[in-house]
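Undergrad: Here is my input; please provide its structure:
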Amino acid sequence: MESNEETVQKHVVVNSPGQRSEVATERTRRGPRESGVSTATVVLIAILALTAVGVVFYIVNNRNANELANRNANLKVASQAPPTTIVQQPAPAQQAPVIIQQPAPVQPAPVIIQQPNPRDSASDDANMQEVATKRLNDEQDMSAVFIAISDGRAVLTGSVNSAAIKTKAEQIVKAVRGVKSVDNQIVVVG
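TA: Predicted coordinates for the structure are as follows:
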């Protein structure tokens with residue numbers, strides 16, 4: 001360390017009644033040089049600060065890159081189908097991993113139900129209903145009688161003036177070819 005030399009001069013005047021005296025003193029003081037922080041210390045602190053900032057930036061950047069890579073890997077694995085299960089068993093000797101693949105789910109065979117052709121019975125019912133309606137309309141007192149035929153079974157509704165006309169309507173419908181039964185719900189009024 002360099003020494004620092006400091007010289008201090010003092011001049012004192014003492015006035016007393018009847019006398020005046022002057023005293024001059026000089027004092028030299030030597031000691032270590034008083035200065036701030038050296039240039040080398042400042043440079044060293046700056047280098048350490050820059051290194052710390054660089055390390056922190058590297059850690060943060062690397063962590064973000066790892067999280068992004070993990071997220072992309074998880075998305076890729078989730079989009080794959082069917083899942084493959086890999087089971088590794090520890091063994092004394094190096095072995096290849098055992099891969100167990102799960103079979104695809106078995107879907108039951110479709111059930112096929114065969115029904116009779118509805119067009120045949122519906123067209124037969126429609127034909128029978130058309131014939132029976134025409135025959136009933138040909139009779140004078142049966143204009144208020146209605147008929148519905150389903151699966152060869154006829155249902156008569158409406159109203160007539162006498163029980164004899166009700167019975168005659170039932171006989172006309174029974175005479176139609178293909179009619180199996182007649183439910184006579186005609187109401188007699190008057």
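
Undergrad: Would you map the helices across the protein?
TA: Using DSSP state H, the helices of the chain run over residues 39-79, 118-138, 163-174.

Undergrad: distance of residue 54 from residue 47?
TA: Residue 54 sits 11 Å away from residue 47, going by Cβ to Cβ, to the nearest Å. Every C-beta, even on glycine, is put in place using the N, C-alpha and C of the backbone.

Undergrad: Got the domain ranges for this structure?
TA: 3-32, 121-188 (automatic domain parsing).

Undergrad: and those domains as a markdown table, adding mean neighbour count, mean pLDDT and distance to residue 58?
TA: A markdown table is the format used below for these (neighbours: other Cβ atoms under 10 Å; pLDDT from 0 to 100; distance: least, Cβ to Cβ, whole Å):
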| stretch | mean neighbour count | mean pLDDT | distance to residue 58 |
| --- | --- | --- | --- |
| domain 3-32 | 9 | 71 | 42 |
| domain 121-188 | 15 | 90 | 82 |
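
Undergrad: between the ones you listed, which one is nearest to residue 60?
TA: domain 3-32 (44.4 Å; Cβ to Cβ).

Undergrad: hmm, back to that, could you dump the helices of the chain into CSV with distance to residue 10 added?
TA: Converted to CSV, the helices of the chain look like this (distance: least, Cβ to Cβ, whole Å):
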stretch, distance to residue 10
helix 39-79, 36
helix 118-138, 134
helix 163-174, 152
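
Undergrad: Residue 105 is nearest to which of the ones you listed?
TA: helix 39-79 (18.6 Å).

Undergrad: Could I get the average pLDDT for the closest one?
TA: Across helix 39-79, the average pLDDT comes to 88.

Undergrad: re the thing from before, closest to residue 101 out of the helices of the chain?
TA: Nearest of the helices of the chain to residue 101, taken as Cβ to Cβ: helix 39-79 at 15.2 Å.

Undergrad: any idea how far the nearest residue to residue 174 once chain neighbours are set aside is from residue 171?
TA: The spatial neighbour of residue 174 that comes closest, neighbours along the chain excluded (Cβ to Cβ, 6 or more residues apart in numbering), is residue 182 at 5.4 Å. Using Cβ to Cβ, we find residue 182 at a distance of 9 Å from residue 171.
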